[in-house]
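A.B. asks: the following block contains a protein sequence and its predicted model.
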Amino acid sequence: MKPIFGVVVITAVLFIAMAGVVSPLRPSVPALQFTFSEAAFNSVIAAWPPDGIERFRTHLVIDFAFLVSYGVLGWLLSVRTRLFAQWSPAAKMRMAVCLPFAAGADAIENLLHFFLVSGAGTTPSLIYLLAGIVATLKWLLIAIFMINAAWSLLLGRSR
């Protein structure tokens, strides 16, 4: 359980650091993540303060470490704890890969968003759409894990 506790602490510290960096950004980073077009993307970043893009870039650097930590945490919670003990081996394995796959999608999203804020010139509209789709997939996988973990905890307590 000690390795899991260490990963929990690292994940929490990284999340707090990331949230602190982007807290002045309105609309928030998740609002940017759910954009699917250049116009929507640009409307979000246009509303940010003058240092908004730099804050966003800093957040991306922290987020790369954070996504590794939450991916590892999801795997460890699934295979090294009794969280999904009552589940079939196949279902337990699906939960074990859920957050690592979300982390992979998060990494792709970060790379796309880093490119989109780099000022590299004309960007195909497909890149904005792809970034929104990948971000949505990430959030969907995180939600699936969280809902199933909560459900599993509730089932375990009702016995």
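C.D. replies: Nice, thanks for sending it over.
A.B. asks: could you find the closest non-adjacent residue to the spatially most central residue of the chain?
C.D. replies: Most central in the chain under C-alpha atoms, centre = their mean is residue 106, positioned 5.2 Å from the mean C-alpha point. Computed as C-beta to C-beta, 6 or more residues apart in numbering, the closest residue to residue 106 that is not its neighbour in sequence is residue 67, at 4.2 Å. C-beta: built from backbone N, CA, C; applies to glycine.
A.B. asks: what's the answer for residue 125, then?
C.D. replies: residue 38 (5.7 Å).
A.B. asks: kindly report the same for residue 103.
C.D. replies: Residue 103's closest residue in space is residue 71 (C-beta to C-beta, 6+ apart), at 3.1 Å.
A.B. asks: now the longest helix along the chain: how far from the chain's centre is it?
C.D. replies: Assignment by DSSP state H gives helix 125-157 as the longest helix of the chain. Put simply, helix 125-157 sits 9 Å off its chain's centre (C-alpha atoms, centre = their mean, to the nearest Å).
A.B. asks: what mean pLDDT would you report for stretch 48-63?
C.D. replies: Here stretch 48-63 scores 97 as its mean pLDDT.
A.B. asks: and it, which residues are buried?
C.D. replies: 48, 52, 55, 56, 59, 60, 62, 63 (16 or more other C-beta atoms under 10 Å).
A.B. asks: same check, this time on stretch 124-138
C.D. replies: Buried, per 16+ other C-beta under 10 Å, within stretch 124-138: 128, 131, 132, 134, 135, 137, 138.
A.B. asks: just the CA coordinates of it, formatted as CSV?
C.D. replies: Provided in CSV are the C-alpha atoms of stretch 124-138 (Å, rounded to 0.1, in the frame of the first residue of the first chain):
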residue,chain,number,x,y,z
PRO,A,124,-5.8,22.7,-40.5
SER,A,125,-9.2,22.8,-38.8
LEU,A,126,-8.9,19.1,-38.4
ILE,A,127,-6.3,19.6,-35.7
TYR,A,128,-8.8,21.6,-33.6
LEU,A,129,-11.4,18.9,-34.0
LEU,A,130,-8.9,16.1,-33.2
ALA,A,131,-7.8,17.9,-30.0
GLY,A,132,-11.4,18.3,-28.9
ILE,A,133,-12.2,14.6,-29.6
VAL,A,134,-9.1,13.4,-27.8
ALA,A,135,-9.8,15.6,-24.8
THR,A,136,-13.4,14.3,-24.7
LEU,A,137,-12.2,10.7,-24.9
LYS,A,138,-9.8,11.4,-22.0
